[in-house]
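Asker: got a structure for you, letters missing:
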């Protein structure tokens, strides 16, 4: 058989990779310089916008965390009760101040950058804790602040939300100058049974805002990020001497401000602004518009000078890569040729050096061969079982009429000898045999199946000399639904033969069938029960793991499970519950068949 000649995968890979590597270099170098510059500038602006959005998110996250901490104060019943007690005539005011101070200290120590927490009441009384000067008589930041405590109270008490006050110089410390911005919220309390308002103030270090603007701790070349409040005042800047200055709120104002500080001296500056609606602040980035031009020119020169060298390097890499890949491809192809010749024992070895995709192909092929081998083995076993079944069927091919006639003859002999009990037993046995032999896989009404079960249980009672009682509870409207024959007999037989074995108390067997959207069958006995391990195994369909039960029990129960799943598929549910010495309950759920007409 002639085969079409294909070009090798190695050749295709080599050519494709060479073209893919070299052509883009040449095209970009020749015609895309200006476009490349434009893209870089656009991307820079988009990155700047994304960075400002990230800063806004970070700023809102920090302020939300401080809002949560502040909520712990103004919703704290203990603090509110202490404020109320403070205004009572018998109060130990110094102790109450100390207790409130401790509460504020505990909350302050849970949050970084909070330098002071102050509670100021309507009459000007203040309760506070400072991180810088914990034992002072007044908040350390208030000495240099532009507003009095009363003015802060008036502004904050007008709003039910958080109030933010711009950054200002607070105090010169031993190692640094402190610049703080304040966050305030009202707090209800009672003074002499009168509802009052206090204001909780968080004094937060401006270094937090600087950290949010510059998370890495240092400013990138040719760009600066800062914050301005709604009144055009600088609330965060890398040079603290410009904080609290009023600069306006337009892009040109921001650019003019940055140029005046000397941080960026280029003429071609542009500003990107992100407005935080929640705080009313502007997050501003001012950058040099052509800050990447020199780098782009250098890249262009490098591309030109490295084009030839890159081509040589690419050829070497492509040759090495294709040789490496093709060695594994060839190995897989060799094994597939052996499989094509009929050798099903072939497996493809995978190594850690094999590419993941080729390793996946090899593993899938190995799995397919394993499954094929299992399938062939199953087919062989099924063929053997089919042969055995045919032989068994031939051996069991006895004329049923001969058996019925023989039982009928014995029945009349019993009647002639007034052995009515024996006659009834033989009659019941005949009915059982006719029912079981005639169309054993057929579908009958539940009423028919229950009548047959009564005959079967009667025969078992006769055999066991009435050592157990039974009860059948089937709703009348359920009797006309259809069910496959002989489904319940293995479970009933198990209760009688195994459940009541070695059990001296009165034996009880109950069968009940109810219907809603499904048929719900319950077979319950008060027999010897089973161990949990046995119940779990049977519910899992593992009948052969416990030799406490004989082989007939294994076969009967397994056959019952298999028949139900064959007849009803995934719609059937069988579940067994049992306790040693307490009995066994079998729950069977079947789909409702059409009513018998």
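Answerer: Received it, and whenever you're ready, just let me know what you need. Since we're looking at a predicted model, the values are computed, not measured.
Asker: Tell me the buried residues in stretch 205-216?
Answerer: By 16 or more other CB atoms under 10 Å, the buried positions in stretch 205-216 come out as 205-214. For every residue, glycine as well, the C-beta is placed using N, CA and C.
Asker: mind checking which helix or strand the residue lying closest to residue 45 once chain neighbours are set aside is in?
Answerer: Spatial nearest neighbour of residue 45, chain neighbours left out: residue 272 (6.7 Å); criterion: CB to CB, 6 or more residues apart in numbering. Assigned by DSSP states H and E, residue 272 falls within strand 269-276.
Asker: who does that strand touch, helix- and strand-wise?
Answerer: Applying 3 or more CB pairs under 8 Å, 6 or more residues apart in numbering; DSSP states H and E, one finds that strand 269-276 contacts helix 33-74, helix 251-261, strand 281-288.
Asker: in the helix or strand containing residue 377, what's buried?
Answerer: Residue 377 belongs to helix 356-395 when assigned by DSSP H and E. Using 16+ other CB under 10 Å as the test for burial, helix 356-395 gives 358-359, 361-362, 365-366, 369.
Asker: Check stretch 128-148 too.
Answerer: Buried positions in stretch 128-148, judged by neighbour count with 16+ other CB under 10 Å: 128-132, 139-142, 145.
Asker: confidence score at residue 364?
Answerer: Per-residue pLDDT puts residue 364 at 79.
Asker: what's the answer for the one 10 residues further on, then?
Answerer: Looking at residue 374, its pLDDT reads 80.
Asker: Kindly report the same for residue 347.
Answerer: Listed pLDDT for residue 347 reads 76.
Asker: cool, and residue 57?
Answerer: Predicted confidence (pLDDT) at residue 57: the value is 93.
Asker: distance of it from residue 212?
Answerer: As judged by CB to CB, to the nearest Å, residue 57 and residue 212 stand 10 Å apart.
Asker: Tell me if I'm right that residue 477 and residue 513 touch.
Answerer: No - the pair residue 477 and residue 513 does not pass the contact test of CB atoms under 8 Å, sitting 10.6 Å apart.
Asker: Please say which of these two ends up with more neighbours.
Answerer: More neighbours surround residue 513 than the other of residue 477 and residue 513, with 23 against 10 (other CB atoms under 10 Å).
Asker: Then that one would be within a strand, right?
Answerer: Yes - under DSSP: H, G, I helix; E, B strand; the rest coil, residue 513 falls within a strand.
Asker: In a strand, residue 429, correct?
Answerer: No - under three-state DSSP, residue 429 sits outside any strand and is assigned helix.
Asker: In this structure it contacts residue 459, no?
Answerer: Yes - using CB under 8 Å, residue 429 is in contact with residue 459, at 6.0 Å.
Asker: Mind listing the shared neighbours of these two?
Answerer: Common neighbours of residue 429 and residue 459, using CB atoms under 8 Å, 6 or more residues apart in numbering, do not exist here.
Asker: The helix holding residue 377 - contacts with which helices or strands?
Answerer: Packed next to helix 356-395, using 3+ CB pairs under 8 Å, 6+ apart, are helix 293-340.
Asker: Quick one: mean pLDDT for the helix it packs on?
Answerer: Rounded mean pLDDT across helix 293-340 is 70.
Asker: What's the end-to-end length of stretch 341-352?
Answerer: Using CA to CA, to the nearest Å, one end of stretch 341-352 lies 28 Å from the other.
Asker: So for that stretch, what gets flagged as buried?
Answerer: For stretch 341-352, burial by neighbour count (16+ other CB under 10 Å) applies to 346, 348, 350.
Asker: and what of stretch 578-589?
Answerer: Buried residues in stretch 578-589 (16+ other CB under 10 Å): 578, 583-586, 588.
Asker: So among those, where is pLDDT lowest?
Answerer: By pLDDT, residue 583 ranks lowest within the buried residues of stretch 578-589, coming in at 85.
Asker: Quick check: phi and psi at it.
Answerer: Note on residue 583: its backbone torsions stand at phi 100, psi -180 [degrees, to the nearest 10].
Asker: nearest spatial neighbour of it, skipping sequence neighbours?
Answerer: residue 526 (4.1 Å).
Asker: and that neighbour, how far is that from residue 191?
Answerer: Applying CB to CB, the value for residue 526 to residue 191 is 75 Å.
Asker: go on, residue 69?
Answerer: Remark: distance between residue 69 and residue 191 (CB to CB) = 25 Å.
Asker: so of the buried residues of stretch 578-589, which ones are in strands?
Answerer: Secondary structure from DSSP state E places 578, 583-586, 588 of the buried residues of stretch 578-589 in strands.
Asker: Let me know the pLDDT of the residue nearest to residue 45.
Answerer: Residue 272 carries a pLDDT value of 92.
Asker: Give me the neighbour count for residue 498.
Answerer: By other CB under 10 Å, the residues close to residue 498 number 18.
Asker: Repeat that for residue 176.
Answerer: When neighbours are counted by other CB under 10 Å, residue 176 registers 11.
Asker: From residue 278, how far out is the most centrally placed residue in the chain?
Answerer: The centre of the chain sits closest to residue 61, judged by CA atoms, centre = their mean, with a distance of 25.1 Å. Counting by CB to CB, the separation of residue 61 from residue 278 is 11 Å.
Asker: for residue 592, same thing?
Answerer: From residue 592 to residue 278 the distance is 60 Å (CB to CB).
Asker: cool, and residue 139?
Answerer: Relative to residue 278, residue 139 is positioned 26 Å away (CB to CB).
Asker: distance of residue 344 from residue 332?
Answerer: Using CB to CB, we find residue 344 at a distance of 16 Å from residue 332.
Asker: Check residue 357 too.
Answerer: From residue 357 to residue 332 the distance is 11 Å (CB to CB).
Asker: do residue 578 as well
Answerer: Residue 578 is 53 Å from residue 332, by CB to CB.
Asker: How about residue 119: what's its closest non-neighbour residue?
Answerer: residue 127 (4.5 Å).
Asker: who touches the one you found in this structure?
Answerer: Residues counted as contacts of residue 127 (CB under 8 Å, 6+ apart) are 83, 97, 100-101, 104, 118-120.
Asker: Also residue 196?
Answerer: 121-122, 188-190.
Asker: Residue 443: which of those residues is nearest?
Answerer: Nearest to residue 443 among the contacts of residue 196: residue 188, at 76.4 Å, using CB to CB.
Asker: OK, contacts around the residue nearest to the centre of the chain?
Answerer: No contacts exist for residue 61 under CB under 8 Å, 6+ apart.
Asker: any idea how far it is from residue 276?
Answerer: From residue 61 to residue 276 the distance is 12 Å (CB to CB).
Asker: again, but for residue 158
Answerer: When distance is defined by CB to CB, residue 158 is 21 Å away from residue 276.
Asker: Check residue 591 too.
Answerer: From residue 591 to residue 276 the distance is 62 Å (CB to CB).
Asker: In terms of neighbours, single out the busier of the two.
Answerer: For the pair residue 591 and residue 276, the greater number of neighbours falls to residue 276 (18 against 13), based on other CB under 10 Å.
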